[in-house]
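Participant: This is the structure alone, sequence omitted:
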Ligand SMILES: NC(=O)C1=CN([C@@H]2O[C@H](COP(=O)(O)OP(=O)(O)OC[C@H]3O[C@@H](n4cnc5c(N)ncnc54)[C@H](O)[C@@H]3O)[C@@H](O)[C@H]2O)C=CC1
Ligand SMILES: O=C(O)CCC(=O)C(=O)O
């Protein structure tokens with residue numbers, strides 16, 4: 001019997017009821033229900049289906065830290081490697097009080113699909129520490145970072161698992177992580193993490209990359225819909241790395257950003273918010289609290305403003321079955337990971353809203369992380385113009401790939417993006433054998 005290398009013979013498949021949402025706000029279930037739909041459309045064989053539904057490794061560590069007042073606190077940290085068939089695990093580290101293992105598992109799976117959508121030679125991972133970084137001193141943050149790094153060090157390495165910044169972590173945290181790892185292995189190893197300061201092997205353009213990617217795919221989406229970013233109205237939820245840069249770059253393209261928000265509040269200005277002034281305000285005050293460049297509005301109202309483009313760029317589960325019927329944007333560019341619950345997807349579809357899914361929309365960050373990793377390994381660094389040009393090529397091509405698949409299969413962009421990425425990961429599993 002000839003063995004078809006690209007299809008493995010296996011037992012029967014048992015899929016959970018795809019219309020059942022046990023808990024709308026469980027991010028892992030949200031990821032899984034999209035995965036299931038794409039797997040069904042791809043007619044994914046049972047063996048690969050089972051492999052791809054399970055994370056490869058889940059590590060839970062205790063992170064004991066001496067606080068500034070002399071007390072010892074023990075934080076809980078996670079690192080999940082979801083799938084490494086295509087290359088080293090890649091994905092950010094989040095410091096937040098709401099971190100859970102379910103969330104980290106979902107984020108690690110999304111990293112797997114994201115890297116595959118833009119065709120990077122990486123698998124997917126994510127990490128998190130349950131803590132409140134906003135109430136901690138710089139010294140406490142450094143100690144948490146170093147102790148957490150020590151806890152997950154068996155996973156880390158340029159060929160195995162390469163972290164990056166995520167919510168409430170930044171270049172400085174990546175510098176501490178890289179230093180802790182380098183001390184452990186006894187040499188300077190800058191390719192162990194990305195999103196580092198440029199002075200120590202970071203890539204030009206990484207800090208802006210996720211927001212730039214959002215701007216680029218939004219431009220593509222608007223062109224596809226016969227609209228133009230120049231003159232489009234925008235609302236942005238979350239004004240950190242992703243949201244503030246996406247807002248700034250969209251404004252530079254002629255868009256009018258009429259609403260912005262962060263955890264301190266939401267602001268509206270029909271004439272367009274001065275984004276540079278808002279960024280300056282956040283640099284000085286750590287949040288938008290007290291911002292005078294717009295009228296304060298309700299946080300929920302920001303999501304339902306009548307705009308051409310809504311950019312959720314904060315956290316998961318902000319567009320749900322409760323508010324989706326009231327969303328008036330024509331396009332949603334998911335800067336955040338998992339901002340829309342799976343149960344809200346069909347409501348947005350019915351309303352004809354064009355959703356650029358997270359695993360495509362925010363892939364600019366990991367794409368330039370890939371460039372950073374390549375540059376660190378070569379020891380040769382590129383100009384910002386080259387980084388941006390290559391990022392532009394990948395984002396535009398990936399948007400086109402997903403759009404084409406969505407037309408071909410008459411599915412929305414999210415399902416098409418999952419189909420593309422799952423088929424790429426599945427192909428590698430088939431070629432390597434199921435024990436990859
Ligand atoms: N930093 C990166 O390169 C990438 C980040 N992402 C995702 O983008 C999202 C944001 O990440 P970053 O910008 O890096 O984090 P960040 O920590 O720099 O910013 C988060 C922002 O969200 C705001 N926020 C928190 N809760 C909020 C709420 N309830 N309402 C409104 N705003 C709220 C915070 O005040 C802050 O402005 C996350 O989902 C992250 O996973 C995705 C791809 C790459
Ligand atoms: O740059 C990276 O490696 C990953 C960034 C990240 O955590 C994400 O894309 O969600």
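Facilitator: Structure received. Note that the structure is a prediction, hence the values are computed from the model and not measured. Ligands and ions are numbered 1, 2, ... in the order given.

Participant: From here on, just use CA atoms for contacts and neighbour counts.
Facilitator: Fine.

Participant: near ligand 2, which residues of the stretch 101-250 of the chain show up?
Facilitator: 163, 164, 166 (Cα under 6 Å from any ligand atom).

Participant: Settle this for me: residue 328 is touching residue 306, isn't it.
Facilitator: Yes: if you go by Cα atoms under 8 Å, residue 328 and residue 306 touch, sitting 5.0 Å apart.

Participant: So residue 222: helix, strand or coil?
Facilitator: helix (DSSP: H, G, I helix; E, B strand; the rest coil).

Participant: and the helix or strand where residue 47 lies, what other elements does it pack with?
Facilitator: Using DSSP states H and E, residue 47 maps to helix 46-52. With contacts defined as 3 or more Cα pairs under 8 Å, 6 or more residues apart in numbering; DSSP states H and E, helix 46-52 has these neighbours: helix 413-432.

Participant: tell me what the helix it packs on is packed against?
Facilitator: helix 27-42, helix 46-52, helix 101-117, strand 354-356, helix 384-409.

Participant: quick one: that helix to helix 384-409, angle?
Facilitator: Put simply, helix 413-432 runs at 100 degrees to helix 384-409, going by axes from the mean of the first three to the mean of the last three Cα atoms, to 10 degrees.

Participant: and for helix 413-432, what are the contacting residues?
Facilitator: The contact list for helix 413-432 (Cα atoms under 8 Å, 6 or more residues apart in numbering) reads 5-8, 34-35, 37-39, 41-42, 48, 85-86, 113-117, 354-357, 359-360, 402-403, 405-406, 409, 435-436.

Participant: Buried residues of stretch 117-132, list them for me.
Facilitator: The neighbour-count check on stretch 117-132 (16 or more other Cα atoms under 10 Å) flags 117-120, 122-131 as buried.

Participant: check contacts around the residue lying closest to residue 82 once chain neighbours are set aside.
Facilitator: Among residues not flanking residue 82 along the chain, residue 55 sits closest, at 4.1 Å (Cα to Cα, 6 or more residues apart in numbering). Applying Cα under 8 Å, 6+ apart, we find residue 55 in contact with 80, 81, 82, 83, 105, 109.

Participant: From residue 163, how far off is the second one?
Facilitator: Pointing back at residue 81 there. 11 Å (Cα to Cα, to the nearest Å).

Participant: Report the set of residues contacting both of these two.
Facilitator: Residues touching both residue 81 and residue 163 (Cα under 8 Å, 6+ apart): 125, 126.

Participant: now the strands: where do they sit in this structure?
Facilitator: 57-66, 72-83, 89-96, 123-130, 161-165, 233-237, 256-262, 265-268, 295-297, 309-312, 331-333, 354-356 (DSSP state E).

Participant: which residue packs closest to the residue in the stretch 101-250 of the chain positioned nearest to ligand 2, ignoring adjacent ones?
Facilitator: Proximity of the stretch 101-250 of the chain to ligand 2 (Cα to the nearest ligand atom) peaks at residue 164, 4.6 Å away. Sequence neighbours aside, residue 92 is the residue nearest to residue 164 in space, at 4.2 Å (criterion: Cα to Cα, 6+ apart).
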